[in-house]
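> let's see this in three dimensions:
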Amino acid sequence: MFKRMLIMLIVVGVVLGGVFGFIEFKGSMIKQFMMSQGEPPKTVSVISAHYEDWLPKLEAVSSLRAAQGVELSSEVAGLVSAILFKQGDTVAANTPLVQLRADDDIAKLNSLNATAELARITFRRSEAQFNAKAISQQTMDIDKANLNIALANAAAQQALIDKKTIRAPFGGLIGVRAIDQGQFLAAGTTIATLQNLDTVYADFYLPQQYLAVLKTGQAIHLHTDTYPTQDFLGEISVIDPKVNSSTRNALIRATLKNPGHRLVPGMYAKVQVITGAAQPFITVPRTAISFNAFGATVFVVEEGKDDKGQTKLTAHQALVTTGETRGDQISIIKGVKDGERIVTSGQIKLHNGTTVLIDNSQQPSNDPAPQPIDQ
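Below is the predicted model of the structure:
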């Protein structure tokens, strides 16, 4: 019995040894085959780097305001007796807009005018008597002073009455009415906004280091998301002579003609200042650049031959010096030649010498001026 058990164990051991040996041999052969085949190619998208003419320009965010624009208000207090304008109307300069009640003031003016007329008659009589040497110089001087005081009082009262009629200080578009007839209007209360929209200002800030390339008369391009396909043109009219000590930015004002009144005060807009002539730069999509601790790099695809003489594409990493960015594009100052194929997606899978397959069915955006898309 013991002998039979020993034989059976030996047979089982031989069988198991053969099985495990075959598995090990199979794994070794598969590994050897895979090593002989090399690393499988990685799929990437590429673009041909080429020169583009870029205008040197500065970009900033601006706020628009009218060349003439005010919040209308009354200089004196009073009860609103009449509203003489319609909301949204275009009014001419000096047009009456609001009338405050002035009955008491007019009555007082009549009284002061009567006093002034009496003072005038008295002075003329005194002047005649003085010429006849019937009164002294002092008496005539007192009568003349009384006349001047009376005229001044009447003029002051007339000025007060004039202030009870609120007029447009300039021509423009009047906005939403903020008062009602019969309302008591305190001095300084806003009545409505008045904006002359024929010309608008675009105010924006730029860092102080750009002051050397800025000057009045330079062209600017303005874009607003209200009219995403339209380009508004203007020019720098004022460069503030003082730099903000907190931000080290300078305030710049550009002037734009505004036919059709499409631009309105308070709008947000983007401004581009043209600072020179167009210059050629090699450009690639921003996704092609990898930034790391030792600089910016791209993968350049080169064509060669394998051991069997077949065409083989490999990716090689190159250090580059980058310049300005425009939308989805970035300029390359150094490190890439015109016409070289640059990897635009799939770089994370690559290292120097990786074999690649090109699939450009899906390319990252390469728009120098992308527009927002409403969802």
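> correct me, but residue 311 touches residue 301?
No. The pair residue 311 / residue 301 is not scored as a contact, 12.0 Å apart, by C-beta atoms under 8 Å. Where you see a C-beta, it was placed from the backbone N, CA and C, and this is true even at glycine.
> in the protein, what secondary structure element scores lowest on mean pLDDT?
Least confident helix or strand, the chain: helix 2-37 with a mean of 65, by mean pLDDT, DSSP states H and E.
> need the next SSE after that one, C-terminal direction.
Remark: after helix 2-37, the chain's next helix or strand is strand 42-48, criterion DSSP states H and E.
> can you list the residues that contact the following helix or strand past that next one?
Going down the chain from strand 42-48, the next helix or strand is strand 50-54, by DSSP H and E. Strand 50-54 is touched from outside by 278-283, 324, 326, 329, 331, 338-339, 368, with contacts defined as C-beta atoms under 8 Å, 6 or more residues apart in numbering.
> relative to residue 365, how far out is residue 340?
20 Å (C-beta to C-beta, to the nearest Å).
> neighbour count winner among those two?
residue 340 (20 against 12; other C-beta atoms under 10 Å).
> contacts only, for the more buried one.
Per C-beta under 8 Å, 6+ apart, neighbours of residue 340: 48, 49, 300.
> out of everything not next to it in sequence, what's closest to residue 193?
residue 175 (4.0 Å; C-beta to C-beta, 6 or more residues apart in numbering).
> and the helices in the stretch 101-250 of the chain?
103-131, 137-163 (DSSP state H, counting those that start in this stretch).
> settle it for me: which of residue 311 and residue 301 has more neighbours?
Neighbours of residue 311 and residue 301, each counted by other C-beta under 10 Å, are more numerous for residue 301; the result is 18 against 8.
> tell me which residues are up against the one helix or strand that one maps to.
Element membership of residue 301 [criterion: DSSP H and E] is strand 295-305. Contacts to strand 295-305, defined as C-beta under 8 Å, 6+ apart, come from residues 44, 46, 284, 288-290, 311-322, 332, 335-336, 340-343, 347, 350, 356, 358.
> would you mind listing the buried residues in it?
296, 297, 298, 299, 300, 301 (16 or more other C-beta atoms under 10 Å).
> hmm, back to that, ok, the residue nearest to residue 193 - contacts?
Residue 175 neighbours (C-beta under 8 Å, 6+ apart): 87, 88, 192, 193, 194, 195.
> quick one: which of the residues you listed has the lowest pLDDT value?
Confidence by pLDDT is poorest for residue 88 among those, given 91.
> the spatially closest residue to residue 353 that is not a sequence neighbour: how many residues sit nearby?
Distances taken as C-beta to C-beta, 6+ apart put residue 314 closest to residue 353, at 5.6 Å, once the chain neighbours are dropped. By other C-beta under 10 Å, 18 other residues sit near residue 314.
> tell me how far stretch 50-57 lies from the chain's centre.
Relative to the chain's own centre, stretch 50-57 is displaced by 22 Å; criterion: C-alpha atoms, centre = their mean, to the nearest Å.
> sorry, back to before: dump the helices of the stretch 101-250 of the chain into JSON lines; add distance to residue 251, mean neighbour count and mean pLDDT as well.
Compiled in JSON lines, the helices of the stretch 101-250 of the chain are given as follows (distance: least, C-beta to C-beta, whole Å; neighbours: other C-beta atoms under 10 Å; pLDDT from 0 to 100):
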{"stretch": "helix 103-131", "distance to residue 251": "44", "mean neighbour count": "15", "mean pLDDT": "93"}
{"stretch": "helix 137-163", "distance to residue 251": "35", "mean neighbour count": "15", "mean pLDDT": "94"}
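> next one: residue 176 from residue 70, what distance?
14 Å.
> please say which of those two ends up with more neighbours.
Between residue 176 and residue 70, counting by other C-beta under 10 Å, residue 70 is the more crowded of the two (16 against 8).
> identify the bridge partners of that one.
Using DSSP bridges, the bridge partners assigned to residue 70 are residue 194.
> renumber starting at 9 from here on
That works, and once the first residue is 9, the last one we named lands at residue 78.
> ok, it - contacts?
177, 201, 202.
> just residue 192 next, same as before
If you count contacts by C-beta under 8 Å, 6+ apart, residue 192 has them with 85, 86, 87, 88.
> leaving out sequence neighbours, find the closest residue to the last one.
With C-beta to C-beta, 6+ apart as the criterion, residue 88 has its nearest non-adjacent residue at 4.9 Å, and that residue is residue 191.
> so that neighbour is in contact with residue 90, correct?
No. Residue 191 is not in contact with residue 90 according to C-beta under 8 Å; the separation is 11.8 Å.
> so where is the protein shaky, pLDDT-wise?
9-12, 14, 19-20, 22-30, 33-46, 377, 379-383 (pLDDT under 70).
> find the residue at the geometric middle of it.
Nearest residue to the geometric centre of the chain (C-alpha atoms, centre = their mean): residue 69, 2.5 Å.
> my read: it touches residue 276, true?
Yes. With contact defined as C-beta under 8 Å, residue 69 reaches residue 276; the gap is 6.9 Å.
> how distant is the helix or strand just after the strand holding residue 309 from the center of its chain?
Sequence-wise, the next helix or strand downstream of strand 303-313 (DSSP H and E) is strand 319-334. Relative to the centre of its chain, strand 319-334 is centred 33 Å away, using C-alpha atoms, centre = their mean.
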